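Asker: Kindly return the folded structure for what I paste below:
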Amino acid sequence: MAKHLVIYTLAHQPHRLKLPAQPIPPGAAADDIARCLFDQRMDQFYFGRAAGKCYHPAIAAFTEFLCAGGKLCFGISETLLDQITRWDPSLLEALTGFVHHPNCELITVEPEHSLIFYLDIRRFVEGLGRYRQRLEREFGVVAQVADTTEMFMSNDLYFALARAGMRGGFMDGRSWVLDWRSPTHLYHHQLPTAILARHTDLSDDVGYRFSNRSWHGWPLLASDWAEWIAKAEGDFVFVGWDFETFGEHQWQDSGIFDFIAALPGELKRCGVECLGASEVMDRFADHSFDLPLPAFPSTWAGDGGVGFFLGNPIQQALFQLMHHAYNKAILTDDPALVDLAVKLTQSDVLHLTQWFGRSGDEAQVSAYFTPREWWALGPDRIVWEAQQVFKNFIAACDPAAVAAVRQSTPLDLASDLDDREDGSDPRGVTRERGPQEAHHKTKAQ
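Answerer: This is a model prediction of the structure:
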């Protein structure tokens with residue numbers, strides 16, 4: 001029986017696109033471009049709503065949970081941290097105290113909640129390291145464990161976490177990845193970097209089904225859920241929730257805060273001990289199993305595959321535009337434009353168009369989170385305008401791209417390579433000389 005429980009919650013708010021798409025004046029600076037791309041007024045409205053319904057009461061509720069002996073792993077996107085810093089100083093103060101609690105373990109997350117790992121894995125690695133340093137500066141805590149966007153996990157992402165110096169990471173415990181294995185054990189893949197597999201069913205009982213009156217488990221009591229945890233076979237149960245579950249997705253009148261208040265006592269009654277992710281890695285390091293990881297990633301969204309984000313033609317088109325926008329920004333050599341391009345790769349852009357051409361529960365969830373202000377445009381116009389945002393950004397990068405081309409020529413790199421007798425690349429990559437090139441070199445000498 002599982003006598004240990006790890007709870008992880010992630011808090012995030014996105015940069016919402018400004019629709020209808022705004023024309024970007026020729027030669028606009030990066031700050032002006034950003035104001036055309038993203039709707040800061042809308043972000044502030046939805047942040048304020050989430051802060052009132054979720055962040056303030058949920059931090060208070062979970063602080064009491066921690067003081068009662070519970071433990072919690074907590075991640076926050078840099079996007080939301082920036083919004084809190086800008087718009088709600090009292091929330092930042094409460095968040096700081098919450099993170100400093102000895103029973104709270106801070107988790108590093110992909111800063112923008114983006115899909116940058118699909119476009120540039122090195123920038124993904126660098127982003128984790130940079131954000132971990134910011135969290136240390138802000139809160140004085142060094143995070144050892146990382147969560148990827150939407151808990152994406154695949155073979156390459158695992159090695160990326162290792163390259164980022166992370167001690168471990170999370171994945172959703174989907175059966176098509178685990179095969180015959182249970183999510184209630186610690187895993188790794190060829191390296192000591194640990195993997196905690198989220199228990200999908202026990203997580204979703206709270207995250208998705210809690211207020212569903214047609215569900216056989218409704219109403220879900222802390223006593224029942226604690227008993228389900230205790231009866232799970234294995235070493236520990238790892239559950240993961242959006243922090244917005246508490247008060248925003250599951251409203252206060254659903255009893256969700258009463259559930260959290262009662263949970264420490266019920267877990268203790270059932271003999272279940274809460275642990276942080278790092279504590280689990282310490283305790284079960286000698287009982288970790290190698291898990292072959294797939295090339296196609298798993299995620300905690302939808303049915304566990306990338307289809308939730310790339311499953312319709314509109315999402316595919318936006319994903320292509322993400323590539324082109326990022327590539328164009330790279331060609332400008334302008335860090336500010338590159339940062340904007342990364343913000344445009346937020347997974348939320350694809351999440352909020354998942355509903356197009358679909359029906360069912362997942363489409364309803366996507367439609368629910370799509371800003372109500374957008375719906376006045378109509379479905380077809382929403383997706384057309386979203387694509388236009390990317391096209392406008394790509395065109396707005398023209399002046400910087402022209403300047404970058406004029407300041408460097410393709411011969412620069414070739415000349416640098418030719419100056420090196422061993423044919424090594426200045427980036428540290430050894431370049432083999434072909435037969436004709438070697439012959440040319442000999443004659444020249």
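Asker: Only C-alpha atoms from now on, for both contacts and neighbour counts.
Answerer: Fine.
Asker: Residue 42: neighbouring residues, count only.
Answerer: Neighbourhood size, residue 42 [other Cα atoms under 10 Å]: 16.
Asker: tell me which element the residue lying closest to residue 235 once chain neighbours are set aside falls in.
Answerer: In this structure, residue 235 finds its nearest non-sequential neighbour in residue 2, 5.1 Å apart by Cα to Cα, 6 or more residues apart in numbering. In this structure, residue 2 sits in neither a helix nor a strand according to DSSP states H and E.
Asker: Quick check on residue 2: phi, psi?
Answerer: The phi and psi values for residue 2, taken as degrees, to the nearest 10, are phi -80, psi 120.
Asker: mind listing what it touches?
Answerer: Residue 2 makes contact with 184, 229, 230, 231, 232, 233, 234, 235, 236, 237, 272 under the criterion Cα atoms under 8 Å, 6 or more residues apart in numbering.
Asker: Work out for me the element the second one sits within.
Answerer: When you say that, I think you mean residue 229. Judged by DSSP H and E, residue 229 forms part of helix 222-231.
Asker: Pull out the buried residues from that helix.
Answerer: By neighbour count with 16 or more other Cα atoms under 10 Å, helix 222-231 contains the buried residues 222, 223, 225, 226, 227, 229, 230.
Asker: which one of those sits closest to residue 125?
Answerer: Ranked by distance to residue 125 (Cα to Cα), these are led by residue 229 at 34.2 Å.
Asker: Could you measure from that closest one over to residue 267?
Answerer: Residue 229 is 8 Å from residue 267, where distance means Cα to Cα, to the nearest Å.
Asker: And for residue 2?
Answerer: Taking Cα to Cα, one finds residue 2 at 12 Å from residue 267.
Asker: Domain ranges for the protein, per the record?
Answerer: Here the domain parsing of the chain from automatic domain parsing is 4-290, 307-407.
Asker: now do the same end-to-end measure for the longest one.
Answerer: If I follow you right, that is domain 4-290. Using Cα to Cα, one end of domain 4-290 lies 21 Å from the other.
Asker: do the same with stretch 297-309
Answerer: Using Cα to Cα, one end of stretch 297-309 lies 12 Å from the other.
Asker: Okay, strands next: where are they in the protein?
Answerer: Applying DSSP state E to the chain gives strands spanning 4-11, 72-76, 104-109, 145-147, 168-172, 186-188, 194-198, 237-242, 273-274, 288-290.
Asker: In space, what's closest to the residue minimising distance to the centre of the chain - neighbours in sequence excluded?
Answerer: When Cα atoms, centre = their mean is applied to the chain, the residue found nearest the centroid is residue 149 (2.0 Å). Nearest non-adjacent residue to residue 149, counting by Cα to Cα, 6+ apart: residue 113, 5.0 Å away.
Asker: What's the local residue count around the one you found?
Answerer: By other Cα under 10 Å, 26 other residues sit near residue 113.
Asker: Same check on residue 237?
Answerer: Counted with other Cα under 10 Å, residue 237 comes out at 30.
Asker: Tell me where the stretch 301-445 of the chain has helices.
Answerer: All helices of the stretch 301-445 of the chain, identified by DSSP state H, counting those that start in this stretch, fall at 307-310, 313-332, 335-343, 347-351, 361-369, 379-396, 398-407, 411-418, 435-444.
Asker: Quick one: closest of the domains of the chain to residue 300.
Answerer: Using Cα to Cα, the nearest of the domains of the chain to residue 300 is domain 4-290, at 5.3 Å.
Asker: which residues touch residue 325?
Answerer: Applying Cα under 8 Å, 6+ apart, the residues contacting residue 325 are 341, 390, 391, 393, 394.
Asker: what about 7 Å?
Answerer: Residue 325 sits next to 341, 390, 393, 394 when contact means Cα atoms under 7 Å, 6 or more residues apart in numbering.
Asker: right, and out of the residues you listed, which lies closest to residue 333?
Answerer: Proximity of the contacts of residue 325 to residue 333 was ranked by Cα to Cα; the top entry is residue 341 with 12.3 Å.
Asker: Bridge partners for residue 273, pull those for me.
Answerer: residue 4 (DSSP bridges).
Asker: Likewise for residue 170?
Answerer: Bridge pairing for residue 170 - DSSP bridges - gives residue 196.
Asker: and it, how many neighbours?
Answerer: By other Cα under 10 Å, 24 other residues sit near residue 170.
Asker: any idea how far residue 81 is from it?
Answerer: For residue 170, the distance to residue 81 equals 21 Å [Cα to Cα].
Asker: And residue 323, by the same measure?
Answerer: 26 Å.
Asker: now do residue 290
Answerer: Distance from residue 290 to residue 81, counting by Cα to Cα: 35 Å.
Asker: same thing with residue 355?
Answerer: Distance from residue 355 to residue 81, by Cα to Cα: 28 Å.
Asker: Next: residue 40.
Answerer: If you go by Cα to Cα, the gap between residue 40 and residue 81 works out to 15 Å.
Asker: can you check residue 94 too?
Answerer: 13 Å.
Asker: Ok, residue 359 next?
Answerer: 33 Å.
Asker: Kindly report the same for residue 294.
Answerer: To residue 81, residue 294 is 32 Å away according to Cα to Cα.
Asker: Compare neighbour counts for these two and give me the winner.
Answerer: More crowded of residue 294 and residue 81, by other Cα under 10 Å: residue 81, with 17 against 14.
Asker: if I pick the more buried one, what's in contact with it?
Answerer: By Cα under 7 Å, 6+ apart, the contact list for residue 81 is empty.
Asker: To what extent is the closest residue to residue 322 other than its chain neighbours buried, counted in neighbours?
Answerer: Once flanking residues are discounted, residue 322 sits nearest to residue 345: 5.8 Å by Cα to Cα, 6+ apart. Using other Cα under 10 Å, residue 345 is surrounded by 25 other residues.
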